[in-house]
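1. Could you work out the structure for the sequence below:
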Amino acid sequence: MAETKLRVAVREFSDFENAFAEQIALYRQAHPDVEFEAVPFDVHSLHAELFKKDGLKRGTWDIGFISTDWTAEAVETGSVVNLSPYMSAKPVADWPEGWAASITEPLIFDDGLYSLPWHDGPECLIYRRDLFEDASEQEAFRNQYGYELKPPRTWKQFTDIAKFFTRPEKGLYGTLIAAFPDGHNTLYDFALQVWSRGGELTDANGVPQLTSKAALDSLEFYRRTIADASLCYPGSAELDSTRSGDVVLSGSIAMMVNWFGFAARCDRPGSPLQGRIAIAPIPSEEGVTSASLSVFWTLGIGSGSEQKQAAYDFLHFLTSEERDLGIVKHGTVGVRLSTWRHPQLRQEVPVYGKIEEISLGARKLPRSTALAKYADVLNDMVVEALTTSESSIDILTRAQQRVEKQGILLK
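-> All right, here's what the predicted structure looks like:
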């Protein structure tokens, strides 16, 4: 009979759930005295469970899946324990040099480490290389648009190419935007749009700037693209990031801006798109450097847990090279450099050849306890943009007023 039970709040996603279930099963082979209860939650519910309901502080959850845009909140609210003492007593092999700096540095707060990385996947442009490299498609595009068919460097080229490949009668659409307001992708998409237009999310004091020209251009592009049936997959407003990945896996999308993990998922053995997917930098405005975004999933131990050592022993098990590489077959993305550089993996899933470069150059969101509140504002902003005919500047102005009324600072 199990003597220890660990309760884990998991990010709801089949790839995550399957990978994590296998890790639990492997751990229990050597530790049959440890029992697990892993409960999946969608992103909104997971954040509420961990923080709004104080699930980590109360001991409801021994371990929580924590997105890096929640880490500042987790630390400053005292929801998770500092892992540094545990690491000193039982070090994680190769830490930190076995991981890219872009993975380790966001997890350090005042020399303390409060969670361990589990799944990575910076944003990139994912495209159907079989379509882009088809000679007849290249000729047709050149004749219609007057330039060569290649992964788009600008948002104007992105729109041209999306229109070119949209063929509803063949079940093919130029692009897809995961626009469901889940407090997750709306924030990430908006940040990428603003950065790729040379703007910033905040001023020098950390005050969000929602009425800047870059913000206005971003929202206008977002609204226009999703509403345009000649270039965007219908029903995008109802798709979150995980469901958008399913659509891409079906072969219905020529290209999209999304997480690296979806490219890896499409390119893995047994996928209908294996060998037909590639990745490239995210488009930008002419003259603006391309931007990527690094947000990843970590595992933290609840400060209220009565099983902290057992929880750490399990997390320690998950950090090994073997376990990190093992989750890849489920579509989850490992976080160790040894996984990213693994020769056989790169041969089977070629997109892994670029993840290190993308991750190292990706930008990060501000580390702020107010990030979730800011995401709520953006959620409502996007809902208004997609469901009303009000002008974008009026929608942005109201969002800015709400930010200022709530005193939201992103620093």
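2. Tell me if I'm right that Q193 and R223 touch.
-> No. Q193 lies out of contact with R223 (CB atoms under 8 Å); the separation is 11.2 Å. For every residue, glycine as well, the C-beta is placed using N, CA and C.
3. can you pull the buried residues of stretch 238-258?
-> 239-242, 244-245, 247-249, 251, 253-258 (16 or more other CB atoms under 10 Å).
4. actually stretch 357-372, not the one I typed
-> In stretch 357-372, counting by 16+ other CB under 10 Å, buried: I358, S359, A362, L365, P366, R367, S368, T369, A370, L371, A372.
5. how close does the residue lying closest to Y352 once chain neighbours are set aside get to R128?
-> Nearest in space to Y352, with sequence neighbours left out and distances taken as CB to CB, 6 or more residues apart in numbering, is R346 at 5.0 Å. Using CB to CB, to the nearest Å, R346 is found at 20 Å from R128.
6. And the two? Which one has more around it.
-> When R346 is set against R128 and neighbours are counted by other CB atoms under 10 Å, the residue ahead is R128, at 22 against 15.
7. Report pLDDT for the more buried one.
-> Note on R128: pLDDT of 97.
8. correct me, but it touches G275?
-> No. Applying CB under 8 Å, one finds R128 not in contact with G275, separated by 10.9 Å.
9. anything in contact with each of those two?
-> The overlap between the contact sets of R128 and G275 (CB atoms under 8 Å, 6 or more residues apart in numbering) is empty.
10. Now do the lowest-mean-pLDDT helix or strand in the chain: which elements does it pack against?
-> Within the chain, no helix or strand scores below helix 241-249, which has a mean of 89 by mean pLDDT, DSSP states H and E. When contacts are defined as 3 or more CB pairs under 8 Å, 6 or more residues apart in numbering; DSSP states H and E, helix 241-249 packs onto strand 255-259, helix 260-267.
11. May I see the ones you listed arranged in CSV, with mean pLDDT as well?
-> As requested, the helices and strands packed on helix 241-249 are exported to CSV (pLDDT from 0 to 100):
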stretch, mean pLDDT
strand 255-259, 95
helix 260-267, 92
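12. could you dump these to JSON lines with distance to P168?
-> Output for these, formatted as JSON lines (distance: least, CB to CB, whole Å):
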{"stretch": "strand 255-259", "distance to P168": "16"}
{"stretch": "helix 260-267", "distance to P168": "21"}
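13. So S84 sits against F109, correct?
-> No. Taking contacts as CB under 8 Å, S84 lies outside contact range of F109: 10.3 Å.
14. So L293 is in contact with Y188, correct?
-> Yes. L293 is within contact range of Y188, at 5.7 Å (criterion: CB under 8 Å).
15. Could you tell me which residues touch both of these two?
-> With CB under 8 Å, 6+ apart as the test, L293 and Y188 both reach E123.
16. Contact partners for the closest residue to L125 other than its chain neighbours?
-> Of all residues not flanking L125 in the chain, A280 sits nearest, at 4.5 Å (CB to CB, 6+ apart). Neighbouring residues of A280 by CB under 8 Å, 6+ apart: C124, L125, Y127, P151.
17. measure W118 to T387 for me?
-> In terms of CB to CB, W118 sits 35 Å off from T387.
18. Let me know which of the helices and strands packed on helix 241-249 is the nearest to G287.
-> strand 255-259 (19.3 Å; CB to CB).
19. So which of the contacts of A280 are in strands?
-> Among the contacts of A280, the residues falling in strands (DSSP state E) are C124, L125, Y127.
20. Most neighbours of all these, which one?
-> Of all the ones in strands among the contacts of A280, C124 has the most neighbours under the rule other CB under 10 Å, reaching 28 neighbours.
21. My guess is that one contacts V257. True?
-> Yes. If you go by CB under 8 Å, C124 and V257 touch, sitting 7.4 Å apart.
22. joint contacts of those two?
-> Common neighbours of C124 and V257 (CB under 8 Å, 6+ apart) are I282.
23. Show me how this structure divides into domains.
-> Here the domain assignment for the chain is 4-121+295-361, 124-280, based on automatic domain parsing.
24. Of all those, which one is nearest V383?
-> Closest among the domains of the chain, using CB to CB: domain 124-280, at 5.4 Å.
25. And the closest one, end to end?
-> Domain 124-280 has its terminal residues 6 Å apart, counting by CA to CA, to the nearest Å.
26. cool, and stretch 207-221?
-> End-to-end distance for stretch 207-221: 23 Å, by CA to CA.
27. chain center to that stretch: distance?
-> Distance of stretch 207-221 from the chain centroid (CA atoms, centre = their mean, to the nearest Å) equals 21 Å.
28. Show residues contacting it.
-> Identification of contacts with stretch 207-221 by CB under 8 Å, 6+ apart yields 155, 190, 193-194, 197-203, 285, 374, 377, 381, 385, 392-393, 395-397, 399-400, 403-404, 408-410.
29. sorry, back to before: between the domains of the chain, which one is closest to T289.
-> domain 124-280 (8.5 Å).
30. rewinding a little: who's more crowded, W118 and T387?
-> A direct count of neighbours by other CB under 10 Å for W118 and T387 places W118 higher, at 26 against 9.
31. Show the contacting residues for that one.
-> F65, F296, W297, T298, L299, L318, V335.
32. What does the pLDDT read for the nearest residue to the fourth one once chain neighbours are set aside?
-> Across the structure, with CB to CB, 6+ apart as the measure, the residue nearest T298 apart from its sequence neighbours is S115 (3.8 Å). The model reports S115 with a pLDDT of 98.
33. What is the neighbour count of P32?
-> So P32, with other CB under 10 Å, has 11 neighbours.
34. State the three-state secondary structure for it.
-> The local conformation at P32, judged by DSSP: H, G, I helix; E, B strand; the rest coil, is coil.
35. and it, how far is that from Y312?
-> The spacing between P32 and Y312, counted by CB to CB, is 19 Å.
36. returning to that earlier point: who's more crowded, Q193 and R223?
-> A count of neighbours by other CB under 10 Å puts Q193 above the other of Q193 and R223, at 24 against 17.
37. which residues are contacting the helix or strand where that one lies?
-> Taking DSSP states H and E as the criterion, Q193 maps to helix 185-195. Helix 185-195 has contacts (CB under 8 Å, 6+ apart) with 69, 123, 177-179, 200-201, 212, 214-215, 217-219, 221-222, 240-241, 257, 282, 291-293, 295, 363, 365, 371, 374-375, 378-379, 382.
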